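[1] mind looking at a prediction? Sequence and model below.
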Amino acid sequence: MDYLMTYSALSTEERKTLALNPNLDPGFRPYLVRDQWSLVKIYFGRRADLTSAEIDLLIEDPDQTVRITCARREDLNPEQVARCVADRDPNLRYFIARNVLLTPAQRLELQADVDPLVRKAATKGPKHRRIEARPGQAPVIR
């Protein structure tokens, strides 16, 4: 199968549906994680089965909303957590501030953040995320 040609022919709605497909053909994953539309990457980024390399690509995305999908994950490696803690966007730092993977030093750093909402979130402490799947969809992080 020519994955690029098939993927390129899909509409944005079809790509979003594909991103949540529980039987996603692995050949489409490289295209979903690099899609031109942030919304497609956000749908894909919520999947519970992302690889560390896929998360790396999403954390580096210029769109803060795509990066925020990563900050909620509990399967980040220490380098990925550190990148989120140091992110320029306070909205992303707000979400990573509640992540269960933060080290005590990172939590203290966020408790002293310049943004008051980030400080407040870091003070609240860790929040576990749920993994759920709607019928016909892959498990996603909520």
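    Structure received. Residues are numbered from 1 along each chain as shown.
[2] all strands for this protein, in order.
    Using DSSP state E, the strands of the chain run over 131-132, 140-141.
[3] return the most buried member of the ones you listed.
    Most buried of these by mean neighbour count (mean count of other Cβ atoms under 10 Å) is strand 140-141; its value is a mean of 20. No exception for glycine: its C-beta is placed from N, CA and C like everyone else's.
[4] list the contacts of that one.
    When contacts are defined by Cβ atoms under 8 Å, 6 or more residues apart in numbering, strand 140-141 is touched by residues 20, 46-48, 69, 72-74, 129-133.
[5] sorry, back to before: of the strands of the chain, which approaches Asp63 most closely?
    strand 140-141 (17.7 Å; Cβ to Cβ).
[6] that older thread, and the strands of the chain: which comes nearest Arg83?
    strand 140-141 (17.8 Å).
[7] what's the offset of the closest one from the middle of its chain?
    Here strand 140-141 is found 9 Å from its chain centre; the criterion is Cα atoms, centre = their mean, to the nearest Å.
[8] on that earlier part again, buried subset of the contacts of strand 140-141?
    Leu20, Arg46, Arg47, Ala48, Thr69, Arg72, Arg73, Arg129 (16 or more other Cβ atoms under 10 Å).
[9] could I get the strands of the chain as a markdown table with mean pLDDT and distance to Asp2?
    Below are the strands of the chain laid out as a markdown table (pLDDT from 0 to 100; distance: least, Cβ to Cβ, whole Å):
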| stretch | mean pLDDT | distance to Asp2 |
| --- | --- | --- |
| strand 131-132 | 94 | 33 |
| strand 140-141 | 95 | 28 |
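[10] possible to save those as TSV with distance to Lys120?
    Converted to TSV, those look like this (distance: least, Cβ to Cβ, whole Å):
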stretch	distance to Lys120
strand 131-132	26
strand 140-141	22
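[11] closest one to Leu117 among the ones you listed?
    Nearest of the strands of the chain (Cβ to Cβ): strand 140-141, 21.1 Å.
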